[in-house]
Each structure stands twice: as C-alpha cells, then as structure tokens.
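[1] Please find the sequence and the predicted model below.
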2 protein chains.
Amino acid sequence: MEAEAAPLINHLSLQPATNIFPTTTPFLAYQGKHHSCNLTVITNGKDEVHGTGVDNVGTTPAALATFLALERLHLDETKTDLLINAGTCGGFQAMGAAIGDVYLTTAVANHDRRIPIPSFTEYGIGKISSLQVDNLSKELGAKKGICTTGNSLDAHELDHFHMNQNEASVKDMEAAAIAWSCELHKTPHFGLKVVTDIVDGDKPTQEEFMENLGTAAKSLQEALPIAIEFICGKGHDEL
Amino acid sequence: MEAEAAPLINHLSLQPATNIFPTTTPFLAYQGKHHSCNLTVITNGKDEVHGTGVDNVGTTPAALATFLALERLHLDETKTDLLINAGTCGGFQAMGAAIGDVYLTTAVANHDRRIPIPSFTEYGIGKISSLQVDNLSKELGAKKGICTTGNSLDAHELDHFHMNQNEASVKDMEAAAIAWSCELHKTPHFGLKVVTDIVDGDKPTQEEFMENLGTAAKSLQEALPIAIEFICGKGHDEL
C-alpha cells in the first residue's frame, strides 16, 4: 500500500522512476542506491478502473506489477538479484504468530484456487519456495513460516481448511502471485511481512486490520532498512 | 485452453507469432488476416512454474497475458479494436442457462475477492461492463448475461451468495481479470462463453465439466468463426 511505502522511500532518498512501468498501468516505482546496491521500490498504485481510488490489492495487480518491473529492469545492464515482497499480513496464533511479529516467508501457496482435477489441484495451490534467509531472520529477530495467499480479506471455513493444508503461519493477498511472476523471470524472492491481525482469532479481520495497520506499518518501516543494510553486498548463500 | 484454440487457429490459417510475448512467459500467440481484419489468438500456455504441465487457468495468467498482448500490439500502427474472451463457463439454471448454451457477456465481476472495508468492497467485486453486442447475439442465437469470475472450479456457500449478488448467468475463472487488463488499455471487450456445467445443479462441477468439455468446445468452434465473420468490417455500434 502507498502509505506503507512512503517512509522507506524517504529514508533511502529514492526518486520517482517514470521509465519502469507503461503509462497504461497505475503502478509506481522509486529508485536509488544504498552503498553498492541499486534499489527499486514498487507499489501497485490506486484503482482507477473501478473508480474507487483504493490501493490495488490482490493477486492480479501484484502479478502484473512484478512481471513488468522485472521485465523492464532486465533490459538494463544487470538482472535483478533479489525481490523482497514487503507488506502486512494476517497471522495464525496456532502457529505461534502474534500481532506486530515480523515474518520471513519460507514458501508461498494459494488457498482460494480450488481445482479438483488431477494436476490442476497442485497448480491451483501453486506452492513456491522462497529464498531461504536464515541469517537475515537472526539479524531481524524475525520468525519464519509459509505465507498463504487469497483474494479475500476475510476467510470462511473452506478457506481455513486450505490455509491449514498449506501449513501457513501467515496469510496475505499477494505473495503467491508475486512469487509466480518472479519464477517466470528466475528472480530469487522472499516475503518480509508484519502481522496486523490474527486469522484464527475471535475478532473480524477488517476491524483488527484497521486497528493495527499503523503499528504494523511502523514495525515494517523499522525492519526494512535493517534488512536492506544486511542484504546489500552479500551473496544469496550468506543470507 | 490449448486444445480449444487449435480448431480456430486451423480454421483461420493463423500462424505462430513469436514477437508478441517475452520469452519469459508461457503464453502463445497466433496471427493472420480475415478479410480486412488483423486477428491475434492468444492462449495462456502450459504451467512450467509448478511443473504440472496443465493449462494456466485462473486470473493471474489471464491478466498478464492480456496486458502484455495489448501492450505489444499497440506498438504496431493500429490499436487493438476489440478483444473477445472466448472460452467455456459454468451456467446458472436459475438464470435460464443450459449445457451447450452460447453466452455473450454484458458485464463481468469477481465473487471471490471479499474485502469488507468501504470502497475496497466495490474494488474487490470489480464489476466491468462489456461492449454491448445485441446484433451479434441475434446473429449467433446467443443468450446474454453477466459472467462472475473466481479462481476455484468448485463453489461453496459463500461463493454462491456472492455469485448471486453479482446477478450472474455464467461463471468462469478469467473474465474479470481479462476485462481489467483491457480497461487499462481502454480496449473494448466482451466474452463469448459456452456452458459446460450447471453451477446451481446437483452434479459436482469437475465431473460435469469433464463430461461436457468436448461438446462445449465444438459449440465454441462453431460460434467463433460466425462471430468473426459478423464483426469484421463493422463499427462497434453496429455490433
């Protein structure tokens, strides 16, 4: 979401980059350097198609923005080394998650693509391994776990069944789609997600989400610069 | 799906076009002429990311393939005049749908993007009007109705509630995402869909779908050349 990205963009003194996305898209990009690293922050912009002006959440904008950014960046001299999916998420208390926790994803999967035909079932779940970043998790004091993705903020009984089947610690609305686009480009990726609400708790997600979005965003804003400082200049196997 | 596109490609003597999609994608394109019209048929290819080899069904590949094709075609001398989303769908018998029916979409919407936060709710549903093609529907003897989109082949109780709220006559797994990418490019669009199974019937979708896919594909193969012959050379207001 736009508001969550602003502090990082300011902190790293990134500048708007207008040559990353076609003008047909609502997506935004900011670029700059940190030590020897070239950084690009992308956000999915606001909805104009439906005239709501809200953030373009969910899998389709996420897949498209990720694909287009990687495609454009690959035209430059170097391939993108790493994509970090930074954002908020729901957490499963049964898996040890609490509000404010920082999670690094070990894998992602979908819980709302149920296709009960052989092989299509596996495609629908679409599990993808994240880059394993154990040293980074120690540096951040972050937990690790699987992120399950669905296009709804709430979750019904069948969603809970499939999130459970995915062995998810956290839940979001984009991770599996972002990872899919990264895989098309063979770009390593992982998610750095902060818990705003408890999926298997008593409160309605939307209330808890709105209540904790501010503090979670702050927690994300603290963790991201530390992660970038730690990652920059290191090989993938040192992370 | 690949198998459904093959007869049309043969019928129109279209040739593979390798310059439409980046090599990073699984998508396929075929091009040719029919009278004065330039035609491009695109399919979403097979899944390599998850190693299943099945067709890339669902919203994320559909949104990405549509966006990339329109973006690439717009680099050529003329903009794309019209996009037809051709495929199979489920039908609602309560709305008068029967197996084998040909439907032209009047609008599309999502039923599995539930976001109970003001304005996000509307964004999630994401209703988009189709190009109205009343004369084409008379030419084809086709029914007209709203297509509701979700990433699952099956449907649970809450899906049924939201499909009903969307006033859907038919249900598929791509239409709303394809329409979203068309809207980004301001390209007029509609769906031409053939019913393979009854969503509000007794049989499990996957059984009925597999049983009727062959006859529905045949019905689609009959309708599409008639539609192309009718559309080619006409203005949008004559359709």
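    That came through, no problem. Numbering: from 1, shown residues only, chains lettered A, B, ... in the order given.
[2] In the least confident helix or strand in chain A by mean pLDDT, which residues are buried?
    Every helix and strand in chain A was compared by mean pLDDT, DSSP states H and E; the lowest is helix A:2-11, with a mean of 83. By 16 or more other C-beta atoms under 10 Å in any protein chain shown, the buried positions in helix A:2-11 come out as A:4-5, A:7-9. Every residue, glycine included, has its C-beta placed from N, CA and C.
[3] and the lengthiest helix in chain A, what does it pack onto?
    Scanning chain A for the helix with the most residues, using DSSP state H, yields helix A:205-231. Applying 3 or more C-beta pairs under 8 Å, 6 or more residues apart in numbering or on different chains; DSSP states H and E, we find helix A:205-231 packed against helix A:2-11, strand A:37-43, strand A:83-91, strand A:102-110, helix A:134-140, strand A:189-198.
[4] Turn these into a markdown table, including distance to chain B.
    Converted to a markdown table, these look like this (distance: least, C-beta to the nearest C-beta, whole Å):
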| stretch | distance to chain B |
| --- | --- |
| helix A:2-11 | 14 |
| strand A:37-43 | 15 |
| strand A:83-91 | 13 |
| strand A:102-110 | 7 |
| helix A:134-140 | 24 |
| strand A:189-198 | 12 |
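[5] Pick out the shakiest of these, pLDDT-wise.
    When these are ranked by mean pLDDT, helix A:2-11 comes last with a mean of 83.
[6] a strand runs through residue A:62, doesn't it?
    No: per DSSP: H, G, I helix; E, B strand; the rest coil, residue A:62 lies outside any strand segment and is helix.
[7] Could you list which residues are in contact with the residue nearest the centre of chain A?
    The residue lying closest to the centre of chain A (C-alpha atoms, centre = their mean) is residue A:85, at 3.2 Å. By C-beta atoms under 8 Å, 6 or more residues apart in numbering or on different chains, residue A:85 lies in contact with A:105, A:174-175, A:178-179, A:189-193.
[8] mind listing what the nearest residue to residue A:132 once chain neighbours are set aside touches?
    Counting by C-beta to C-beta, 6 or more residues apart in numbering or on different chains, residue A:132 lies nearest to residue A:106, which is 6.8 Å off, once chain neighbours are set aside. Neighbouring residues of residue A:106 by C-beta under 8 Å, 6+ apart: A:129-130, A:132, A:144-146.
[9] again, but for residue A:92
    Contacts of residue A:92 by C-beta under 8 Å, 6+ apart are A:163, A:168-171, A:198-200.
[10] possible to save these as JSON lines with neighbour count and secondary structure?
    Formatted as JSON lines, these follow (neighbours: other C-beta atoms under 10 Å in any protein chain shown; DSSP: H, G, I helix; E, B strand; the rest coil):
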{"residue": "A:163", "neighbour count": "25", "secondary structure": "helix"}
{"residue": "A:168", "neighbour count": "28", "secondary structure": "strand"}
{"residue": "A:169", "neighbour count": "25", "secondary structure": "strand"}
{"residue": "A:170", "neighbour count": "29", "secondary structure": "strand"}
{"residue": "A:171", "neighbour count": "28", "secondary structure": "strand"}
{"residue": "A:198", "neighbour count": "19", "secondary structure": "strand"}
{"residue": "A:199", "neighbour count": "25", "secondary structure": "coil"}
{"residue": "A:200", "neighbour count": "16", "secondary structure": "coil"}
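[11] one step back: of all the helices and strands packed on helix A:205-231, which one is nearest residue A:64?
    strand A:37-43 (11.0 Å; C-beta to C-beta).
[12] so that closest one versus helix A:2-11, what angle?
    160 degrees (axes from the mean of the first three to the mean of the last three C-alpha atoms, to 10 degrees).
[13] residues in contact with residue A:2?
    With C-beta under 8 Å, 6+ apart, residue A:2 has these contacts: A:28, A:43, A:45-46, A:55.
[14] Sketch out the low-pLDDT regions of chain A for me.
    Flagging of chain A using pLDDT under 70 yields the residue ranges A:77.
[15] Need the phi and psi values for the nearest residue to residue A:198 once chain neighbours are set aside.
    Sequence neighbours aside, residue A:93 is the residue nearest to residue A:198 in space, at 5.2 Å (criterion: C-beta to C-beta, 6+ apart). When read as degrees, to the nearest 10, the backbone of residue A:93 gives phi -70, psi -30.
[16] List the contacts of residue A:93.
    Taking C-beta under 8 Å, 6+ apart as the test, what residue A:93 contacts is A:198, A:200-201.
[17] Then residue A:58?
    Contacts of residue A:58 by C-beta under 8 Å, 6+ apart are A:151, A:173-174, B:113, B:124.
[18] Take these and keep only those in helices.
    Counting by DSSP H, the contacts of residue A:58 contribute residue B:124 to helices.
[19] List only those of the contacts of residue A:58 flagged as buried.
    A:151, A:173-174, B:113, B:124.
[20] Tell me which two in these are the farthest apart.
    Across those (C-beta to C-beta), the longest gap, 13.6 Å, separates A:174 and B:124.
[21] I figured residue A:136 was touching residue A:236, is that so?
    No: using C-beta atoms under 8 Å, residue A:136 makes no contact with residue A:236, being 10.8 Å away.
[22] For these two, indicate the residue with more neighbours.
    Per other C-beta atoms under 10 Å in any protein chain shown, whichever of residue A:136 and residue A:236 has more neighbours is residue A:136, with 23 against 12.
[23] How about the more buried one, nearest residue that isn't a chain neighbour?
    Nearest to residue A:136 is residue A:239, by C-beta to C-beta, 6+ apart, at 5.2 Å.
[24] my guess is the one you found meets residue A:135, correct?
    Yes: look at residue A:239 against residue A:135 with C-beta under 8 Å: they come within range, at 5.7 Å.
[25] what touches both of those two?
    residue A:230.
[26] what secondary structure does residue A:29 sit in?
    Using three-state DSSP, the structure places residue A:29 in strand.
[27] Distance check, it against residue A:4.
    15 Å (C-beta to C-beta, to the nearest Å).
[28] Please apply the same query to residue A:220.
    Distance from residue A:220 to residue A:4, by C-beta to C-beta: 6 Å.
[29] hey, what's in contact with both of those two?
    Contacts common to residue A:220 and residue A:4, judged by C-beta under 8 Å, 6+ apart, are A:86-88.
[30] ranking these by neighbours, who comes first?
    Result: residue A:87 is most packed of these (other C-beta under 10 Å), 24 neighbours.
[31] From the contacts of residue A:106, keep the buried residues only.
    Buried among the contacts of residue A:106 (16+ other C-beta under 10 Å): A:130, A:132, A:144-146.
[32] Give me the subset of those residues lying in strands.
    Among the buried ones among the contacts of residue A:106, the members found in strands (DSSP state E) are A:144-146.
[33] So which of those reach chain B?
    Applying C-beta under 8 Å from any C-beta of the partner chain, the subset of these adjacent to chain B is empty.
[34] Brilliant, that's me finished.
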